[in-house]
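> I need the structure of the sequence given here:
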Amino acid sequence: MYADYENSIVNLASSILKYFGAKSEHNTLEYVDELLKDEYKNVVVILLDGLGIDALQHHLAENSFFRKHLIKEYSSVFPSTTTSATTSLESGLTPLEHGWLGWSLYFSELDKVVNAFINTEKDTDTQAADYHVASKYIPYKSIYQKIKDAGMANAFSVSKFGSNKIESFNELTNEITRLCATSEKKYIYGYWENPDLLMHETGCYSSEVTEIINKLQNKLEVMCEKLSDTLVIVTADHGHCNLKNYILTDYPKLFKMLKHPISIETRAIAFHIKDEFLNDFPIEFKSSFKNEFLLLSKKEVIENNICGNGKMHPKFEEFIGDYLAIAISDKGIVYSKDSNQFISNHAGMTEQEMKIPIIAIGMK
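Numbers count the residues shown, from 1 in each chain. Modelled structure (predicted):
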């Protein structure tokens, strides 16, 4: 399933920007615009990491709070992963435009693969530099700043690393409730790391995941009962699928073709290939992995708008490498035995990963 950049998390950001009088680069979601016609004082978007449509249907009863208020299924971006999707929501830009494509990105300035959010070198705890590499080379203007600059409202980010920092989900709901009680018009974005964190460790269909999704749902229902003049939208950045990983060091013919370690994600893998192997690589890759991945050249990625439309970021071509392998089955590829291997993961193109919900609760 390809990302639908007319019905995606990018377009949700566009609707938010439009509502608060700020310029947006992409089309809005008409069904969200319709909800916003009620002129709410507070607009709250809560993103529960990994809560795709598949998880919603598997773990929650049909008459549950979330499923009763589900108004639409829509699309993540590609790669369907936290780094790219949350940056799209926090910028209003496609991955093609903002450049934050995945967990690890190759930066020629350092000749290193860097974990973009946490600023460490790939598969290590070593700091990549004495400055934040991704923020320096792929900065963007946030949706919060765009809303503030428009002059109609304030904007806040509530998370472990947002403008309003919290450490627990109870603190998150309490802080959102507190902000909603103030008189000013505002946008609030709340981010929480589960169920994604637990899915990685226990699998996407475990009883532990069922329990945590139900707990999060119940806490948000209680929060909504306390609010007025507020639209709450609950969504996700991507879904999940259980998988098994191939280890690239087990494929010496492919391994010797690499200029650098693989990057982006285990289910959206960028390969930077030595010049003498550029023609041989796709043949050897397809021989090794058959039809479990869609292998695209850099040119094909760009021509097919895989990562969205708009003005291409200057770093984009470097980040996607010479070839991009996209998971379309239940497999991933890690670099070596030292690489993290999760039970469940995302970033590929299956419906499980790409389909996400818009759950809307309006309180006047």
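
> going forward, measure contacts between C-alpha atoms and count neighbours the same way
Fine.

> okay, now the closest residue to residue 330 other than its chain neighbours: neighbour count?
Of all residues not flanking residue 330 in the chain, residue 243 sits nearest, at 4.7 Å (C-alpha to C-alpha, 6 or more residues apart in numbering). Using other C-alpha atoms under 10 Å, residue 243 has 19 neighbouring residues.

> surely residue 243 meets residue 334?
No: in this structure residue 243 lies outside contact range of residue 334 using C-alpha atoms under 8 Å: 11.9 Å.

> may I have the phi/psi pair for the residue lying closest to residue 126 once chain neighbours are set aside?
Of all residues not flanking residue 126 in the chain, residue 120 sits nearest, at 5.3 Å (C-alpha to C-alpha, 6+ apart). Note on residue 120: its backbone torsions stand at phi -110, psi 160 [degrees, to the nearest 10].

> confidence score at residue 120?
Note for residue 120: predicted pLDDT of 96.

> quickly list what it is bridged to.
residue 115, residue 127 (DSSP bridges).

> that one against residue 114, yeah?
Yes: taking C-alpha under 8 Å as the definition, residue 120 is a contact partner of residue 114 at 5.7 Å.

> how much space separates the residue nearest to residue 330 from residue 80?
15 Å (C-alpha to C-alpha, to the nearest Å).

> same deal with residue 323?
On the measure of C-alpha to C-alpha, residue 323 and residue 80 end up 18 Å apart.

> what sits against residue 360?
Neighbouring residues of residue 360 by C-alpha atoms under 8 Å, 6 or more residues apart in numbering: 69, 70, 71, 231, 232, 233, 234.

> sorry, back to before: shared neighbours of residue 243 and residue 334, anything?
Between them, residue 243 and residue 334 share no contacting residue, judged by C-alpha under 8 Å, 6+ apart.

> most distant residue from the centre of the protein?
Distance from the C-alpha centroid of the chain, by C-alpha atoms, centre = their mean, peaks at residue 276 (34.7 Å).

> that one: what secondary structure?
Under the three-state scheme (DSSP: H, G, I helix; E, B strand; the rest coil), residue 276 adopts helix.

> how close does it sit to residue 259?
Separation of residue 276 from residue 259 (C-alpha to C-alpha): 11 Å.

> and if you look at residue 312?
Where residue 259 is concerned, residue 312 sits at a distance of 24 Å (C-alpha to C-alpha).

> which one of these two is surrounded by more residues?
Remark: of residue 312 and residue 259, residue 312 carries more neighbours, 17 against 12, as counted by other C-alpha under 10 Å.

> for the residue farthest from the centre of the chain, report the pLDDT, please.
Per the predicted model, pLDDT is 98 at residue 276.
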